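A.B. asks: give me coordinates for this.
(one chain, ligands or ions: 2)
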Amino acid sequence: MITEQHPKAVIVIFGATGDLAKRKLFPSIYRLVRNNKIGKEFAVVGVGRRPLTNEEFRHNVQESIQSSIEDSTETDEFSSHFYYHPFDVTNPSSYNELKTVLHELDNSYNTEGNRMFYLAMAPEFFGTIASNLKKEGLTDTKGWSRLVIEKPFGHDLPSAQTLNQELREVFNEDQIYRIDHYLGKEMVQNIEVIRFANAIFEPLWNNRYISNIQITSSEVLGVEDRGRYYEHSGALRDMVQNHMLQMVALLAMEPPIKLATDEIRSEKVKVLRALRPVNEENVSDYFVRGQYYSGSLFNKSVPAYREESNVDEQSMTETYVAGKVMIDNFRWAGVPFYIRTGKRLKEKSTKIVIQFKDIPMNLYYNRKEDLAPNLLVIHIQPDEGITLQLNAKKTGSGVYGKPIELDYCNNCLDGINTPEAYEKLIYDCMRGDATNFTHWDEVALSWSYVDTISHAWKKEKAELAFYRAGSAGPKEADELLERDSFHWWHVGDDLGC
Ligand SMILES: NC(=O)C1=CN([C@@H]2O[C@H](COP(=O)(O)OP(=O)(O)OC[C@H]3O[C@@H](n4cnc5c(N)ncnc54)[C@H](OP(=O)(O)O)[C@@H]3O)[C@@H](O)[C@H]2O)C=CC1
Ligand SMILES: O=C1O[C@H](COP(=O)(O)O)[C@@H](O)[C@H](O)[C@H]1O
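C.D. replies: Residues are numbered from 1 along each chain as shown. Ligands and ions are numbered 1, 2, ... in the order given. This is a model prediction of the structure:
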């Protein structure tokens, strides 16, 4: 049930001394308060093992929100809603004390027994925390109890199934909010509106008019201090299994009968069910994996992946993936969805390009040149907007055409400060709107698609395409499209913001 504005709750953050809490969660809660999305009826309890006092914890919270502060007089009031409760989450006896704390805060902040348990910790703790919450009665409350879990949700289908069973012993599916922060991004949410609110696109949104769709998510950062995690994950599990396949699903799904959580999720599930499986024999026809070697970015030398800390010097982990995803259904048969994502690339950019088929005959364009295709570009980040590439008459005499771009920039408009993905998702969870969280069926189907690829790669150890840090990725990713007579588009670099 979606509740109205100003939801009330006690938010328990497990992992409150960690990186995610500091960089994303505290600032997001701050912005929700500042923007009057949540009122005074909330409290946050941080859990971690470090022995901090409430004052020290509040100081950390204040530090983390520095860049979002508009009025510094508000920060003491804001941080006074934060409490710290140190314990080791594997110790069952500590949960009873937490229960008492939550009960007191429910009363002091009039939160009506509503509780959000946010697991910002390594996934091996998820099952233990959930079962202790139940055993010690923290979920027995007169309000709602919701569990928010961070990725990774398992590392393959069997481990995800085990984790899901553990969680489902305590929480129903509709109490579990699996975060995919891409679903909180403004322009990812805009995909549905662009598609379903525009008469000019929806009739063309199929294999009769679209030749291919390209989704690129490129990063400048390397693995930073996450080598230990990333070695077992790689770009396929870290980005493709979740964010990239979610974008594919949103682009390819049928219009839902209404904008309700279950309807949208069920349309996404149908897309994931229609993904053409890749197997050991054909994996190299569909997917390329790469790893960066040393190079330079913004005039600074950067090391190879194999030289990063906590990374094996013979590592075969992919830091780059390019793939051709086929959706075998009526709407999309024959239309490749090309995806690519990688670390240490030359720019930070997430973009979707929809390339329409050429018109049947070229009357206007310079005959020696290829006709410029119509492109619809959805700029996800850092710029947010839409570009439509059309053909228009070249000024002057003659009947020559030239490609022109119609740009709309979402984050250039005065006064518009796009909310952070986490800000929106925390708010959605507090209001009970699970639309932009992933349902178990989506997670399971994505894992089963990705698992066959990683099994195939394990067997064929040799195929790893190396690319220079600071480059656009391995040439093998270009060849993947060239085989289909396409190429990656690099369009509308910025929207003039
Ligand atoms: N950081 C990011 O940008 C992103 C992170 N994630 C996911 O979010 C989760 C957290 O990531 P991140 O914040 O980076 O991790 P960190 O390693 O920075 O933080 C881990 C947190 O867990 C706490 N912790 C660890 N063991 C215990 C224990 N036994 N009992 C109580 N607390 C414990 C630590 O507290 P203490 O040391 O005080 O015990 C710390 O607060 C991970 O699942 C990660 O994959 C997902 C997307 C992005
Ligand atoms: O989930 C993850 O996403 C980030 C990229 O997110 P973005 O919002 O900056 O595009 C990625 O760096 C990280 O490895 C991955 O775990």
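A.B. asks: so which helix or strand takes in the residue of the stretch 251-400 of the chain found nearest ligand 2?
C.D. replies: Using C-beta to the nearest ligand atom, T350 is the residue of the stretch 251-400 of the chain that sits closest to ligand 2, at 5.8 Å. Yep, even glycine has a C-beta here, placed from its N, CA and C like the rest. For T350, the element it lies in under DSSP states H and E is strand 349-356.
A.B. asks: so what are the sheet partners of that strand and their directions?
C.D. replies: Partners of strand 349-356 in the sheet, by DSSP bridges, are strand 210-218 (antiparallel), strand 375-381 (antiparallel).
A.B. asks: please enumerate residues in contact with the shortest one?
C.D. replies: Outside strand 375-381, the residues that touch it by C-beta atoms under 8 Å, 6 or more residues apart in numbering are 182, 185, 187-188, 190-191, 194, 201, 217, 348-356, 385-389, 489, 491-492, 495.
A.B. asks: please indicate which of those are buried?
C.D. replies: 182, 185, 187-188, 190-191, 194, 201, 217, 349-356, 385-389, 489, 491-492, 495 (16 or more other C-beta atoms under 10 Å).
A.B. asks: for the single nearest residue of the chain relative to ligand 2, which non-adjacent residue is spatially closest?
C.D. replies: Of all residues in the chain, the one sitting closest to ligand 2 is D238 (4.7 Å; C-beta to the nearest ligand atom). Among residues not flanking D238 along the chain, Y230 sits closest, at 6.6 Å (C-beta to C-beta, 6 or more residues apart in numbering).
A.B. asks: about what we covered before: export the strands paired with strand 349-356 as a markdown table, with columns for distance to ligand 1 and mean pLDDT.
C.D. replies: Converted to a markdown table, these look like this (distance: least, C-beta to the nearest ligand atom, whole Å; pLDDT from 0 to 100):
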| stretch | distance to ligand 1 | mean pLDDT |
| --- | --- | --- |
| strand 210-218 | 14 | 98 |
| strand 375-381 | 15 | 96 |
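A.B. asks: mind putting the ones you listed into TSV with distance to N35?
C.D. replies: What follows is the strands paired with strand 349-356, written out as TSV (distance: least, C-beta to C-beta, whole Å):
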stretch	distance to N35
strand 210-218	27
strand 375-381	20
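A.B. asks: just send those back as TSV, with distance to ligand 2 too.
C.D. replies: Formatted as TSV, the strands paired with strand 349-356 follow (distance: least, C-beta to the nearest ligand atom, whole Å):
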stretch	distance to ligand 2
strand 210-218	6
strand 375-381	6
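A.B. asks: nearest to N362, out of the ones you listed?
C.D. replies: Each of the strands paired with strand 349-356 was checked against N362 via C-beta to C-beta, and the shortest separation belongs to strand 210-218, namely 15.4 Å.
A.B. asks: residues of whatever helix or strand comes next after that closest one that come out buried?
C.D. replies: Stepping forward along the backbone from strand 210-218, the first helix or strand reached (DSSP H and E) is helix 227-235. Applying a neighbour-count criterion of 16+ other C-beta under 10 Å, one finds 227, 229-231, 233-235 buried in helix 227-235.
A.B. asks: return the member of those nearest to Q62.
C.D. replies: Comparing these against Q62 with C-beta to C-beta places Y229 closest, at 28.6 Å.
A.B. asks: how many neighbouring residues does E169 have?
C.D. replies: Around E169 there are 11 other residues, counting by other C-beta atoms under 10 Å.
A.B. asks: er, E186 actually
C.D. replies: Residues lying near E186 (other C-beta under 10 Å) number 17.
A.B. asks: what parts of this protein come near ligand 1?
C.D. replies: By C-beta under 6 Å from any ligand atom, the residues of the chain that approach ligand 1 are 15-20, 47-50, 88-90, 120-123, 150-152.
A.B. asks: from the residues you listed, which land in strands?
C.D. replies: Assigned to strands by DSSP state E, the following of the residues of the chain next to ligand 1 qualify: V47.
A.B. asks: can you select the buried ones from the residues of the chain next to ligand 1 in PyMOL?
C.D. replies: One line in PyMOL is enough to select the buried ones among the residues of the chain next to ligand 1; burial here means 16+ other C-beta under 10 Å:
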select buried, resi 15+16+17+18+20+47+48+89+120+121+123+150+151+152
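A.B. asks: of the residues of the chain next to ligand 1, which ones also sit close to ligand 2?
C.D. replies: Checking these against ligand 2 (C-beta under 6 Å from any ligand atom), there are no matches.
A.B. asks: quick check: what element follows the host helix or strand of E423 along the chain?
C.D. replies: Using DSSP H and E, E423 sits within helix 421-431. Moving toward the C-terminus from helix 421-431, the first helix or strand encountered (DSSP H and E) is helix 440-459.
A.B. asks: list the buried residues of that following helix.
C.D. replies: Using 16+ other C-beta under 10 Å as the burial criterion, the residues of helix 440-459 that qualify are 440, 442-451, 453-454, 456-457.
A.B. asks: got the buried residues of helix 227-235 as TSV, with distance to R115 and pLDDT columns?
C.D. replies: Putting the buried residues of helix 227-235 into TSV (distance: C-beta to C-beta, whole Å; pLDDT from 0 to 100) gives the following:
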residue	distance to R115	pLDDT
G227	35	94
Y229	28	93
Y230	32	96
E231	35	96
S233	30	94
G234	35	96
A235	35	98
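A.B. asks: since we're on the residue of the chain closest to ligand 2, how many residues are nearby?
C.D. replies: Applying other C-beta under 10 Å, we find 23 residues neighbouring D238.
A.B. asks: that one is in contact with H155, isn't it?
C.D. replies: No. With contact defined as C-beta atoms under 8 Å, D238 does not reach H155; the gap is 10.3 Å.
A.B. asks: would you mind listing what in the protein touches ligand 2?
C.D. replies: Near ligand 2, the residues belonging to the chain are 217, 219, 238, 350 when assessed by C-beta under 6 Å from any ligand atom.
A.B. asks: could you find the closest non-adjacent residue to K424?
C.D. replies: G184 (4.5 Å).
A.B. asks: tell me the spacing between the residue nearest the centre of the chain and N242.
C.D. replies: To find the centre residue of the chain, average its C-alpha atoms and take the closest one (C-alpha atoms, centre = their mean): that gives Y182, at 2.6 Å. With the distance defined as C-beta to C-beta, to the nearest Å, Y182 ends up 7 Å from N242.
A.B. asks: mind showing which ranges of this structure have poor pLDDT?
C.D. replies: Counting by pLDDT under 70, the chain contains low-confidence residues at 1-4, 72, 364-370, 397, 413-417, 460-462, 491-497.
A.B. asks: what sits against the closest residue to ligand 1 within it?
C.D. replies: Closest to ligand 1 within the chain is G18: 2.3 Å, counting by C-beta to the nearest ligand atom. If a contact means C-beta under 8 Å, 6+ apart, then G18 has 48, 120-121 as its contacts.
A.B. asks: ok so, going back, what about the strand holding T350, distance to the chain center?
C.D. replies: 16 Å (C-alpha atoms, centre = their mean, to the nearest Å).
A.B. asks: show me what that strand is in contact with.
C.D. replies: With contact meaning C-beta under 8 Å, 6+ apart, strand 349-356 is reached by 191, 204, 209-218, 247, 251, 373-382, 486, 489, 491.
A.B. asks: just the buried ones from these?
C.D. replies: Among the contacts of strand 349-356, those that count as buried by neighbour count (16+ other C-beta under 10 Å) are 191, 210-218, 247, 251, 373-381, 486, 489, 491.
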